[in-house]
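[1] Predicted model and sequence below, questions to follow.
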Amino acid sequence: MSGHSKWATIKHKKGALDAKRGKIFTRLIKEITIAARAGGDPDGNPRLRTAILAAKAENMPADNIKRAIQRGTGELEGATYEEISFEGYGPGGVAIIVEVLTDNRNRAVSEIRHTFAKNGGNLGESGSVRRLFSKKGLIAVEKSAASEERLMDIVLENGGEDLSDEGDTWEIITDPGAYETVLAAVKAAGVPTVLNEVTMIASSYNKLEGPSAAQMIRLIEALEELDDVQNVYSNFDMDAEQMEHAAG
């Protein structure tokens, strides 16, 4: 599993995202709004269904979800967002994809370019790194919460792809189409998760150490702090101890 997935898991476990709940809600509301453009019925709109699932996982009030859908379908007035994807490189040649939803393209481009340059990275051409990533469902479970055998049964019976040992967690990988089914089965079995999302997973990883690793964490955090940024994906890896220290 990539260091970025480990990083996300560590932050969730430490509760480091609690202080950024406003940012999380804003990101989720934007995603629901843009997804609802294709239709406000989640049963016929997989992207919207996934966005609502993510919002509920963060305990977003139902009224917030409803209003975001209505803004997307045009029932309520709201900002018009544009989807932009940036590709680039971080310290040590790490591949990075940044997904943005913005109401101001020029501002978004300027902020992304500045953030890359300030933290040892640079933007690349469209298509320069995307080939290294595939969209997958990711479900992380504390090892103390379930045995490998129990989780493997769930994976095999519900169309999951893989179960991997990631130190103190098990990580289940699914095709995006099977993500909801596998997650529902995990929850039905009474197994709590520490992270569950549809994400981009790399086919190969770039191991970083020392100053390059620290600089990579700074770049990821700086990108995630930008208001227009929805998601940041990368193929970095580093020692768990360094990530634990960086997470505070």
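    On my side now, so go ahead.

[2] mind listing what Thr50 touches?
    35, 176, 179-180, 198 (CB atoms under 8 Å, 6 or more residues apart in numbering). (C-beta placed from N, C-alpha, C; glycine too.)

[3] May I have the residues that are in contact with the residue in the chain sticking out farthest from the centre?
    In the chain, the residue that sits farthest from the middle, by CA atoms, centre = their mean, is Glu75; the gap is 28.5 Å. Counting by CB under 8 Å, 6+ apart, Glu75 touches Gly40.

[4] Over to it. Which of the three states is it?
    Secondary structure, DSSP: H, G, I helix; E, B strand; the rest coil: Glu75 is coil.

[5] quick one, what contacts the residue nearest the centre of the chain?
    Residue closest to the average C-alpha location in the chain (CA atoms, centre = their mean): Thr199, at 4.9 Å. Contact analysis of Thr199 by CB under 8 Å, 6+ apart lists 5, 135-138, 231, 233.

[6] List the pairing partners of the helix or strand hosting it within its sheet, with orientation.
    For Thr199, the element it lies in under DSSP states H and E is strand 195-202. Using DSSP bridges, strand 195-202 pairs in its sheet with strand 133-142 (antiparallel).

[7] can you give me how far the next helix or strand after the strand it pairs with is from the chain middle?
    Proceeding N to C from strand 133-142, the next assigned helix or strand is helix 148-157, under DSSP H and E. Remark: helix 148-157 is offset 24 Å from the chain centroid, using CA atoms, centre = their mean, to the nearest Å.

[8] buried sites along helix 148-157?
    In terms of neighbour count (16 or more other CB atoms under 10 Å), helix 148-157 has its buried residues at 151-152, 154-155.

[9] Now it: average pLDDT?
    Helix 148-157 shows a mean pLDDT of 95.

[10] Stretch 168-180 now?
    Computed over stretch 168-180, the average pLDDT equals 92.

[11] Go ahead and name everything in contact with stretch 163-183.
    In contact with stretch 163-183 (CB under 8 Å, 6+ apart) are residues 1, 5-6, 9, 46, 49-50, 53, 135-143, 146, 148, 151-152, 154-155, 158-162, 186, 193-194, 196, 198, 201, 240.

[12] Dump it to CSV, keeping only the CA atoms.
    Taking Å, rounded to 0.1, in the frame of the first residue of the first chain, the C-alpha atoms of stretch 163-183 are listed here in CSV:
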residue,chain,number,x,y,z
LEU,A,163,-6.6,-8.2,1.7
SER,A,164,-3.1,-7.0,2.8
ASP,A,165,-1.2,-6.8,6.1
GLU,A,166,-0.2,-3.2,6.7
GLY,A,167,1.4,-3.4,10.1
ASP,A,168,-1.3,-2.6,12.7
THR,A,169,-4.1,-2.6,10.1
TRP,A,170,-5.7,-4.9,7.5
GLU,A,171,-6.4,-3.1,4.2
ILE,A,172,-9.1,-4.4,1.9
ILE,A,173,-8.9,-3.4,-1.8
THR,A,174,-12.0,-3.6,-4.0
ASP,A,175,-13.1,-2.6,-7.5
PRO,A,176,-15.1,0.7,-7.2
GLY,A,177,-18.2,-1.2,-8.3
ALA,A,178,-17.9,-3.6,-5.4
TYR,A,179,-16.8,-1.1,-2.7
GLU,A,180,-20.3,-0.4,-1.3
THR,A,181,-21.1,-4.1,-1.1
VAL,A,182,-17.9,-5.0,0.7
LEU,A,183,-18.1,-2.1,3.1
